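S.K.: would you be able to build a 3D model of this:
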Amino acid sequence: MPPRDEETADPHICGPKQVGFPIRFQTLLTSRISASSNAGRGPSGPTSVRSLEQANAVSVFVPASKSPDREGTKRSGGASHWIAVAGGLGEVPVAPGTAGSLLGVLLFVGFAFAARSLGVGPLAASTASPPASVGLLPVYSLACWLVYAFGVLILLVAGVWASGRAEIDFDCHDDRRIVIDEVVGQLIALSPLLFYTGTSAFLPFFSWVVTGFVLFRLFDIWKPGAVRWAECRFDGGGGVMADDVVAGFLGAVVLFLALPGGIG
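M.R.: Numbering: from 1, shown residues only. Down below sits the predicted model:
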């Protein structure tokens, strides 16, 4: 039997979270190709054009997920894997990226409720009696945002590490199952809401959360200039996370400008 590297000499062709990827050009019936090549070898040694045509005739495109030597590939299943797939959300068959973004929304809402118990954050402002004035939060609430930013930074660093490891496990750059980048990007996009108070005077708090969710998904899928540049600029785990971080910042800027009083 020929060595494994001869059976899969052609590299994988992987693309970022698009239908039809990953795809690999795989050569089947390697032993038969080798036999036909040897049969066409003349006295001087070169392989005939006829034998090359026969070799190409048995080369086919096979989806990498169904290729014979990948079906039994063992995944690490360690901490890096579960961080990269956000506890298994990346394994859902439909829209794993959206599922990762929804996890980011849930984490943000949970943080907002926790902050309310301390009397800070948008929910605390919107339920205060008498109602808090519309505008940016006072300086003492800056600690709330700093704690939030520190948590997002930890997730970002963990995401870069876990995504880089997961790329090796999945044998593909930015595999669609890696969704920790969507979680972090969504948390960044919603961050302006922590600085804002009195949201109930204009729209319910959760309406602004939905707006932030839609903005992030729009930038993440549309990938305007800066997002596309970040996606192509970096390799490894940094490349997986970079485009979603930029999309999150763009969504945060638009959300901040859209908030009543956000530019006042």
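S.K.: just give me the neighbour total for the nearest residue to residue 82 once chain neighbours are set aside.
M.R.: Distance criterion CB to CB, 6 or more residues apart in numbering; nearest residue to residue 82, sequence neighbours excluded, is residue 88 at 7.2 Å. For glycine as for every other residue, the C-beta is placed from the backbone atoms N, C-alpha and C. By other CB atoms under 10 Å, the residues close to residue 88 number 13.
S.K.: which SS class is residue 88?
M.R.: Under DSSP: H, G, I helix; E, B strand; the rest coil, the three-state class of residue 88 is helix.
S.K.: looks like it contacts residue 99 (just checking).
M.R.: No - Residue 88 lies out of contact with residue 99 (CB atoms under 8 Å); the separation is 9.6 Å.
S.K.: and the gap between the residue nearest to residue 82 and residue 239?
M.R.: 23 Å (CB to CB, to the nearest Å).
S.K.: same check, this time on residue 179
M.R.: From residue 179 to residue 239 the distance is 15 Å (CB to CB).
S.K.: ok, those two, which is more surrounded?
M.R.: Neighbours per residue, other CB under 10 Å: of residue 179 and residue 239, the larger number sits with residue 179, 32 against 21.
S.K.: contacting residues around the residue lying closest to that one once chain neighbours are set aside?
M.R.: Ranked by CB to CB, 6+ apart and with sequence neighbours excluded, the top spatial neighbour of residue 179 is residue 100, at 3.1 Å. Contact partners of residue 100, counting by CB atoms under 8 Å, 6 or more residues apart in numbering, are 86, 89, 90, 179, 180, 181, 182, 183, 186.
S.K.: what helix or strand is residue 100 on?
M.R.: helix 96-116 (DSSP states H and E).
S.K.: try residue 253
M.R.: Per DSSP H and E, the secondary structure element for residue 253 is helix 236-258.
S.K.: could I get the CA-only coordinates of that helix as CSV?
M.R.: Extracted as CSV, the C-alpha positions of helix 236-258 are listed here (Å, rounded to 0.1, in the frame of the first residue of the first chain):
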residue,chain,number,x,y,z
GLY,A,236,-4.4,30.9,12.9
GLY,A,237,-6.6,31.6,15.8
GLY,A,238,-6.0,35.4,15.4
GLY,A,239,-7.4,35.3,11.9
VAL,A,240,-10.5,33.4,13.1
MET,A,241,-11.2,36.0,15.8
ALA,A,242,-10.1,39.2,14.0
ASP,A,243,-12.9,39.7,11.6
ASP,A,244,-15.6,39.2,14.2
VAL,A,245,-13.9,41.6,16.6
VAL,A,246,-13.8,44.3,13.9
ALA,A,247,-17.5,43.5,13.0
GLY,A,248,-18.3,43.8,16.7
PHE,A,249,-16.6,47.2,17.0
LEU,A,250,-18.4,48.5,13.9
GLY,A,251,-21.7,47.3,15.3
ALA,A,252,-20.9,49.0,18.6
VAL,A,253,-20.2,52.3,16.9
VAL,A,254,-23.5,52.3,15.0
LEU,A,255,-25.4,51.2,18.0
PHE,A,256,-23.8,54.0,20.1
LEU,A,257,-24.8,56.6,17.5
ALA,A,258,-28.3,55.2,17.3
